[in-house]
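Colleague: Structure of the sequence below:
(one chain, ligands or ions: 1)
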Amino acid sequence: MKITTITAIPLSYRLPEGKTVTMGVGSTLKRDAIIIRVETCEGITGYGEAHPGRSPGAVTSLIHGTIAPLLIGMDATDCIGTWQRVHRMQLSSHGLGAGAALALSGIDMALWDIRGKAANMPLYQLLGGSKRRIKAYAGGIALGYQAKESLAEEAQEYLARGYKALKLRIGDSAKVDIERVKHVRTVLGDDIDILTDANTAYSMADARRVLPVLADIQAGWLEEPFACNDFASYREAAKITPLVPLAAGENHYTRFEFAQLLEAGAVQVWQPDLSKCGGITEAVRIAAIASAYRIPINPHSSATGLNHAATLHFMAATENAGYFEACVSKFNPFRDMFGSPFAIGADGCVEPLDKPGIGLEIDESIFKDYPVIDGPGYVVKF
Ligand SMILES: [Mg+2]
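Modeller: Purely as a prediction, here's the structure:
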């Protein structure tokens, strides 16, 4: 079954007035996504999602101009071979490293969708997993910077839906972050898992002030206090308290960068994103490396239902899977445009879908509602 066509479809929407969320990377103005469609000579079509990397036009151009021609004519079920070819020709030397990883991720996800459809199996089954309950936390672009009272109110909305864990955006200022996390812990009580994400906005001084407080409130982790490649700071911050693990991975690409995290010895929770890290093929490898070191995999999940659904399949087939990041963004039409990718239960858990492949029906007529708007999706106050 040969690959005949690879098409990247960039999509965008602007956040309506009043729906902007502010966090460590800035305030959201718009959101983008790239849907990948792979067609085969046998008429089976697969879909995947590539993260836009704040430049959806550039990633789309990279796919059409450079990566697709490498793969046309290859066997669509050869996930290892296609991965290896893109790595050899794009990632391993001069070829736009992170951009190529984003592009490859979406194509690889679509190829797994094809494999599942060809085998008439849901992806979790094809990957060797089972339909099991997976713990979820309320995440996505939500619980951003705001008054501590309204933050606690927003958190309570998610608990009312069934969530037993949620993620607060910190990285504002150490003082304000401390006030917010303490207040939310007081309001929610001790039975809810509070996770925190600084989106790379901390200095070491901030980490020294905030980490002991996160230990006091029994936070589940501190995510991305520093830039993705600042291994020295991660190593230093990991010494501050043994009680709050550091988490990272949504900005790390391929098993080779995760191996660097391992060597840094400072990140105890890994968060590969299937639409960024090199796809499902690579996420399986990353999880295998992590399992040997008792590191849990808590995938980051991006914009559309395709990534959410694929992530659940992957987690259902991963021994060391932790939490699923459930997107609870107040305004994210990309999450639900192919139907609902997950449903939170009263037990705070979700399950993978049961149809062949990723399990979502893609109606492309909806794409006309989201014409791409190129450029970055966040504004930052400098
Ligand atoms: Mg994050």
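
Colleague: ok, which residues in the stretch 101-250 of the chain are in contact with the ion?
Modeller: 197, 223 (CB under 5 Å from the ion). C-beta: built from backbone N, CA, C; applies to glycine.

Colleague: Point me to the residue of the stretch 101-250 of the chain nearest the ion.
Modeller: Residue nearest to the ion within the stretch 101-250 of the chain: D197 (4.4 Å; CB to the ion).

Colleague: correct me, but A119 touches L126?
Modeller: Yes: assessed by CB atoms under 8 Å, A119 is found in contact with L126 at 5.7 Å.

Colleague: Please identify which of the two sits among more neighbours.
Modeller: L126 (20 against 14; other CB atoms under 10 Å).

Colleague: and the nearest residue to the more buried one once chain neighbours are set aside, what is it in contact with?
Modeller: Closest residue to L126 apart from its sequence neighbours, by CB to CB, 6 or more residues apart in numbering: G116 at 5.1 Å. Contacts for G116 (CB atoms under 8 Å, 6 or more residues apart in numbering) come out as 122-123, 126, 356-359.

Colleague: And for A110?
Modeller: Counted by CB under 8 Å, 6+ apart, A110 has contacts 6, 36-38, 46-48.

Colleague: What helix or strand is it located in?
Modeller: helix 97-119 (DSSP states H and E).

Colleague: Show me what counts as buried in that helix.
Modeller: For helix 97-119, a neighbour-count test (16 or more other CB atoms under 10 Å) marks 98-118 as buried.

Colleague: Dump the C-alpha coordinates for that helix into PDB.
Modeller: The C-alpha atoms that make up helix 97-119 are tabulated as PDB, following Å, rounded to 0.1, in the frame of the first residue of the first chain:
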ATOM      1  CA  GLY A  97      15.500  20.300  13.100                       C
ATOM      2  CA  ALA A  98      12.500  21.200  15.100                       C
ATOM      3  CA  GLY A  99      10.400  22.200  12.100                       C
ATOM      4  CA  ALA A 100      11.100  18.900  10.500                       C
ATOM      5  CA  ALA A 101      10.200  17.100  13.700                       C
ATOM      6  CA  LEU A 102       6.800  18.900  13.800                       C
ATOM      7  CA  ALA A 103       6.200  17.900  10.100                       C
ATOM      8  CA  LEU A 104       7.300  14.300  10.600                       C
ATOM      9  CA  SER A 105       5.000  14.000  13.700                       C
ATOM     10  CA  GLY A 106       1.900  14.800  11.800                       C
ATOM     11  CA  ILE A 107       2.800  12.500   8.900                       C
ATOM     12  CA  ASP A 108       3.700   9.700  11.200                       C
ATOM     13  CA  MET A 109       0.400  10.000  13.100                       C
ATOM     14  CA  ALA A 110      -1.500   9.800   9.800                       C
ATOM     15  CA  LEU A 111       0.500   6.700   8.800                       C
ATOM     16  CA  TRP A 112      -0.600   5.100  12.100                       C
ATOM     17  CA  ASP A 113      -4.200   6.000  11.400                       C
ATOM     18  CA  ILE A 114      -3.800   4.200   8.000                       C
ATOM     19  CA  ARG A 115      -2.300   1.200   9.700                       C
ATOM     20  CA  GLY A 116      -5.200   1.000  12.100                       C
ATOM     21  CA  LYS A 117      -7.800   1.400   9.400                       C
ATOM     22  CA  ALA A 118      -6.000  -1.300   7.200                       C
ATOM     23  CA  ALA A 119      -6.000  -3.700  10.100                       C
END
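
Colleague: between the host helix or strand of L306 and helix 97-119, how many degrees?
Modeller: Under the criterion of DSSP H and E, L306 resides in helix 305-316. Between helix 305-316 and helix 97-119, the angle comes out at 80 degrees (axes from the mean of the first three to the mean of the last three CA atoms, to 10 degrees).

Colleague: Quick one: mean pLDDT over helix 305-316.
Modeller: The average of the pLDDT scores along helix 305-316 is 98.

Colleague: same question, stretch 176-188
Modeller: Averaging pLDDT along stretch 176-188 gives 98.

Colleague: What of stretch 23-36?
Modeller: Stretch 23-36 comes out at a mean pLDDT of 91.

Colleague: With the ion in mind, check whether that stretch reaches it.
Modeller: No: Stretch 23-36 stays clear of the ion (CB under 5 Å from the ion), getting no nearer than 8.4 Å.

Colleague: What's the end-to-end length of that stretch?
Modeller: 28 Å (CA to CA, to the nearest Å).

Colleague: list the buried ones in it?
Modeller: 23-28, 31-36.

Colleague: Measure how far it is from the centre of its chain, please.
Modeller: 12 Å (CA atoms, centre = their mean, to the nearest Å).

Colleague: Check stretch 128-137 too.
Modeller: For stretch 128-137, the distance to the chain centre is 16 Å (CA atoms, centre = their mean).

Colleague: for W112, what are its contacts?
Modeller: 46, 48, 79, 123, 126, 279-281, 310, 357-358.

Colleague: and if you look at G53?
Modeller: Per CB under 8 Å, 6+ apart, neighbours of G53: 59, 98-99, 102, 276.

Colleague: can you put those residues in JSON lines and add pLDDT and distance to P69?
Modeller: Below are these laid out as JSON lines (pLDDT from 0 to 100; distance: CB to CB, whole Å):
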{"residue": "V59", "pLDDT": "96", "distance to P69": "16"}
{"residue": "A98", "pLDDT": "95", "distance to P69": "20"}
{"residue": "G99", "pLDDT": "96", "distance to P69": "16"}
{"residue": "L102", "pLDDT": "98", "distance to P69": "18"}
{"residue": "K276", "pLDDT": "98", "distance to P69": "22"}
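
Colleague: What about the contacts of W112, which are in helices?
Modeller: Residues from the contacts of W112 lying in helices, with DSSP state H as the criterion: 79, 123, 126, 279-281, 310.

Colleague: Mind picking the one among the residues you listed that's closest to the ion?
Modeller: A310 (18.3 Å).
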